[in-house]
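S.K.: would you be able to build a 3D model of this:
(chains A, B, C and D)
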Number of protein chains: 2
Amino acid sequence: MLYSNPCEYAIRAMTELALRPDDGWIPVTVIAEEADLPSPYLGKILKDLVRARLLQSTRGPGGGYRLARPASEISLFDVKLTVDGPGDLERCAVGLDPCSDETPCPLHVDFVRVRATIHEYLTSTTLADVARGAITKEQLLSDA
Amino acid sequence: MLYSNPCEYAIRAMTELALRPDDGWIPVTVIAEEADLPSPYLGKILKDLVRARLLQSTRGPGGGYRLARPASEISLFDVKLTVDGPGDLERCAVGLDPCSDETPCPLHVDFVRVRATIHEYLTSTTLADVARGAITKEQLLSDA
DNA sequence: CGCGAAGAAGATAGATTAGTCTAAATTAAG
DNA sequence: CTTAATTTAGACTAATCTATCTTCTTCGCG
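M.R.: Here you go, the predicted structure:
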């Protein structure tokens, strides 16, 4: 509900990278397989993340992708901002333009509270948190 | 960010209806013009809202649409549920299936809090609130 | 240097969504 | 009973999004 399709893919792919911090460069094909995503499409998304300096990449044999910073320093907000752009988070609740704090849309007042909650969640949650959750989940599933 | 395109249209159209509670039946063309929406497309959406019993309609001369209940008794949640379906609000934060309270996705714990905030907002906000906000906004704009 | 393994980039195809158009059904009014 | 206004339903078109394919560039290694 919060993320577009490619943004969700980006988070899942980056979580894979966060889970192997010292494996060097990981090729798209490997990431795609682990995260169960279509690899050529994922490649495009990762390319954008490289351009936004959230990932690094290198070509040639042994090449691939890796996080540009420690996972604990990349927030979901960083990812969403890169993939979905800034507009998505700033839109008014009902889509009546123009909408700002000065000329608020109907519901602006209540909606800013919701938006603040979302924003706080996105900025305070890092890929390290997601990776930690992924490990927990795997354990739960293997126990079952 | 919370609503699909057609859902946003639905809210805007229904807000128009909420603003004229005693005008009887309002044709799509009028609603579409007021809300600045494509009228044939809006017609489809309104039809679905009729089927979901959020609107009533009648054909023929003098026909059109009206709210099936007072605006204060129709929540944004009602509208979103009808137009976007139930799945949208239940999805996991990262899209890793399976995801439930028993086998939570990474972030499930933090995310349910965000989701609860959104849910609370949608259920507690009615079309009457939106209409009230729309009036306020219009005044602000005309003053400027 | 030359070969092969990768990412980068762009063209293309398929699927989904947004939007239009036409015809049919219904209703009110004369 | 006829006509005009209106919703309803469905076919159709256009645009966007998802995904694939192909080609090119870069890089490591022998």
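S.K.: what about A:Gly60, neighbour count?
M.R.: 7 (other C-beta atoms under 10 Å in any protein chain shown). C-beta coordinates here come from the backbone N, C-alpha and C atoms, glycine included.
S.K.: scratch that, A:Asp88 is what I was asking about
M.R.: Other residues within reach of A:Asp88, judged by other C-beta under 10 Å, total 15.
S.K.: right, and it touches B:Met1 too?
M.R.: Yes - counting by C-beta atoms under 8 Å, A:Asp88 touches B:Met1, with 5.4 Å between them.
S.K.: please see if the lowest-mean-pLDDT helix or strand in chain A touches DNA strand C.
M.R.: When each helix and strand of chain A is scored by mean pLDDT, DSSP states H and E, helix A:87-90 comes last, with a mean of 77. No - Helix A:87-90 stays clear of DNA strand C (C-beta under 7 Å from any atom of the strand), getting no nearer than 14.0 Å.
S.K.: what are the contacting residues of that helix?
M.R.: A:Ser4, A:Lys80, A:Leu81, A:Arg115, A:Ile118, A:His119, B:Met1 (C-beta atoms under 8 Å, 6 or more residues apart in numbering or on different chains).
S.K.: try stretch A:44-63
M.R.: A:6, A:9-10, A:13-14, A:17, A:24-25, A:27-28, A:31, A:64-69, A:74, A:78-79, A:82-83.
S.K.: cutoff 7 Å now
M.R.: With C-beta atoms under 7 Å, 6 or more residues apart in numbering or on different chains as the test, stretch A:44-63 has contacts from A:6, A:9-10, A:13, A:25, A:27-28, A:64-68, A:74, A:78-79, A:82-83.
S.K.: hey, what's the closest residue to A:Gly24 other than its chain neighbours bridged with?
M.R.: Leaving aside its chain neighbours, A:Gly24 sits nearest to A:Arg66 (6.9 Å; criterion: C-beta to C-beta, 6 or more residues apart in numbering or on different chains). Per DSSP bridges, the residues bridged to A:Arg66 are A:Gln56.
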